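Visitor: Return atomic coordinates for the entry below.
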Amino acid sequence: MAEENDSEKTEEPTQKKLDDAAKKGDAPKSQEVNAWFVMLGGALAVMMLGNSTAGALMDHLRIFIAQPEAIPMDAEHLRLVWLGLGKSVMGAIAIPLLILIVAAIAGNVVQHMPVFTGENMKPKLSKISPMKGMERLFGPKSVMNLVKGIVKMAVVGLVTFLIAWPERDRLGLMMTWDVTLLLPAVQTMALRMLAGVIAVMTVVAVLDYMFERMQWMKKQRMSVQEVKDEYKQMEGDPTVKAKLRQIRVERGRKRMMAAVPEATVVITNPTHYAVALKYEQGMGAPIVVAKGMDAIAFKIREIAQSHDIPVLENPPLARALHASVEVDQPIQPEHYKAVAEVIGYVMRLKGKFAKN
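Guide: Numbering: from 1, shown residues only. Presented below is the predicted three-dimensional model:
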């Protein structure tokens, strides 16, 4: 069943789906990127503080190597010695530790900003299911992680070996060196090894992040039905929207037809267009109270004729008014002259009938 569901998810995830996943703390994350930042932080700590940190530790540990017999052996003095040593060690390694902590945090933040969510703390049966546990331990993802780990260790080990091998003759002699010479040599060798490892880890981290993001995007894929459901949530049901739009159009049409009996004249094409104009003394310009094409135009003419409103044929004017003026809006200045002639004719016609 799960395979069927996965096979149905053929659509790329929408931005909303990705945002929702991010809000739940579900984001692509590569442990190799974290390891790269920690490794870089370690290299910076060794480069910046290697000599000073080692020197500080050497000063505090010298008594244990050079003069162990001078250490008081009673409980109180031993407590003070170990307390002082602990403070010295913590003081010496505090800044390197801080650098490593900042690097570890940066490795997570650079991939995804922190999200505070209780989604992962919700109880789920899959977390205590033996079958699910076996799938996590021996599933494809676990096998892939194991293979990646083995390849990474092999490559890093090979790079470390290639850097250390030329120094094999010096390594045996270093045991006889003075500490003041030994520390810089060890620091230099450590930095060279870290530089080689970081170079390899850069490639590994980039490839692993791309792989993890590809897997994450695959997991976020949606079925066609999910895309439709999300669209309905965001934009509303298309069927309902179409129905509402139809209702608004019908209501607008009814209001428009109700205004036709108040028109002064209806100008037609004669059959394809009909524009009903209203003009009274004091108005700045005639107003279009109704307009339409074909069936609507026929209905406008029919209502006008039933209320003895003059219907005049003027195809160019009817098309121009229909295209340029909305309902309940005054006509444009360029149509004043033509409309004035029509309304003047209607007024004269009404006056003539009134005399008769």
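Visitor: Where does the prediction get shaky in the stretch 201-350 of the chain?
Guide: For the stretch 201-350 of the chain, applying pLDDT under 70 flags the ranges 234-237, 240.
Visitor: where exactly do the strands run in it?
Guide: For the stretch 201-350 of the chain, applying DSSP state E, counting those that start in this stretch gives strands covering 265-268, 273-278, 287-293, 311-313.
Visitor: Where do the domain boundaries of the chain fall?
Guide: Domain segmentation of the chain under automatic domain parsing yields 2-114+127-232, 259-355.
Visitor: Highest mean neighbour count out of those domains?
Guide: Mean neighbour counts were compared across these using mean count of other C-beta atoms under 10 Å; the top stretch is domain 259-355, at a mean of 16. Where you see a C-beta, it was placed from the backbone N, CA and C, and this is true even at glycine.
Visitor: For Gly292, which residues count as its bridge partners?
Guide: Listed beta-bridge partners, Gly292: Ala274 (assigned using DSSP bridges).
Visitor: Please report the distance of it from Ala263.
Guide: 13 Å (C-beta to C-beta, to the nearest Å).
Visitor: Can you say which of the strands of the stretch 201-350 of the chain is nearest to Trp216?
Guide: Evaluated over the strands of the stretch 201-350 of the chain, closeness to Trp216 peaks at strand 287-293, with 53.6 Å, by C-beta to C-beta.
Visitor: who's in contact with that closest one?
Guide: Strand 287-293 is contacted by residues 256-257, 259-260, 262-263, 272-279, 299-300, 321-322, 325-331 when judged by C-beta atoms under 8 Å, 6 or more residues apart in numbering.
Visitor: what angle do it and strand 273-278 make?
Guide: Interaxial angle, strand 287-293 versus strand 273-278 (axes from the mean of the first three to the mean of the last three C-alpha atoms, to 10 degrees): 160 degrees.
Visitor: Grab the nearest non-local neighbour of Ile279.
Guide: One thing to correct before we go on: residue 279 is Tyr, not Ile. Pro286 (4.1 Å; C-beta to C-beta, 6 or more residues apart in numbering).
Visitor: list the contacts for the one you found?
Guide: Contacts of Pro286 (C-beta under 8 Å, 6+ apart): Thr264, Leu277, Lys278, Tyr279, Pro330, Ile331, Val339, Ile343.
Visitor: Go again with 10 Å.
Guide: By C-beta atoms under 10 Å, 6 or more residues apart in numbering, the residues touching Pro286 are 263-265, 277-280, 321, 325, 330-331, 335-336, 339-340, 342-343.
Visitor: Tell me how many other residues surround the residue nearest to Lys299 when sequence neighbours are not counted.
Guide: Nearest non-adjacent residue to Lys299, counting by C-beta to C-beta, 6+ apart: Met257, 6.5 Å away. Other residues lying near Met257 total 18 when counted by other C-beta atoms under 10 Å.
Visitor: ok, Met257 touching Ile300?
Guide: Yes: shown here, Met257 and Ile300 form a contact pair, counting by C-beta atoms under 10 Å, at 7.3 Å.
Visitor: who touches both of these two?
Guide: Counting by C-beta under 10 Å, 6+ apart, the residues touching both Met257 and Ile300 are Ala276, Val289, Ala290, Gly292.
Visitor: farthest pair in these?
Guide: Within these, two members stand farthest from each other by C-beta to C-beta: Val289 and Gly292, at 11.6 Å.
Visitor: where do the contact lists of Gly292 and Ala263 overlap?
Guide: Joint contacts of Gly292 and Ala263 (C-beta under 10 Å, 6+ apart) are Val275, Ala276, Ile300.
Visitor: and the gap between the first one and Pro330?
Guide: With distances taken as C-beta to C-beta, Val275 is found 13 Å from Pro330.
Visitor: Asp294 too?
Guide: Using C-beta to C-beta, Asp294 is found at 25 Å from Pro330.
Visitor: ok, back up a step: with distance to Ile247 as added columns, please give the domains of the chain in JSON lines.
Guide: Formatted as JSON lines, the domains of the chain follow (distance: least, C-beta to C-beta, whole Å):
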{"stretch": "domain 2-114+127-232", "distance to Ile247": "19"}
{"stretch": "domain 259-355", "distance to Ile247": "17"}
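Visitor: Looking at these, spot the one closest to Thr239.
Guide: Thr239 lies closest, by C-beta to C-beta, to one member of those: domain 2-114+127-232, at 9.2 Å.
Visitor: From the chain's centroid, how far away is that closest one?
Guide: Centre-to-centre, domain 2-114+127-232 and its host chain are 28 Å apart (C-alpha atoms, centre = their mean, to the nearest Å).
Visitor: do the same with stretch 331-347
Guide: Relative to its chain's centre, stretch 331-347 lies at 57 Å (C-alpha atoms, centre = their mean).
Visitor: CA atoms only: put that stretch into PDB for me.
Guide: What follows is stretch 331-347, C-alpha atoms only, in PDB (Å, rounded to 0.1, in the frame of the first residue of the first chain):
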ATOM      1  CA  ILE A 331     -20.100  58.400 -22.000                       C
ATOM      2  CA  GLN A 332     -16.700  59.600 -23.200                       C
ATOM      3  CA  PRO A 333     -16.300  63.200 -24.500                       C
ATOM      4  CA  GLU A 334     -15.500  61.900 -28.000                       C
ATOM      5  CA  HIS A 335     -19.000  60.600 -28.200                       C
ATOM      6  CA  TYR A 336     -20.800  63.700 -27.000                       C
ATOM      7  CA  LYS A 337     -21.600  65.000 -30.400                       C
ATOM      8  CA  ALA A 338     -23.000  61.800 -31.800                       C
ATOM      9  CA  VAL A 339     -25.000  61.000 -28.700                       C
ATOM     10  CA  ALA A 340     -26.300  64.600 -28.500                       C
ATOM     11  CA  GLU A 341     -27.700  64.300 -32.000                       C
ATOM     12  CA  VAL A 342     -29.500  61.000 -31.100                       C
ATOM     13  CA  ILE A 343     -30.900  62.400 -27.800                       C
ATOM     14  CA  GLY A 344     -31.900  65.700 -29.600                       C
ATOM     15  CA  TYR A 345     -33.700  63.600 -32.200                       C
ATOM     16  CA  VAL A 346     -35.500  61.600 -29.400                       C
ATOM     17  CA  MET A 347     -36.500  64.800 -27.600                       C
END
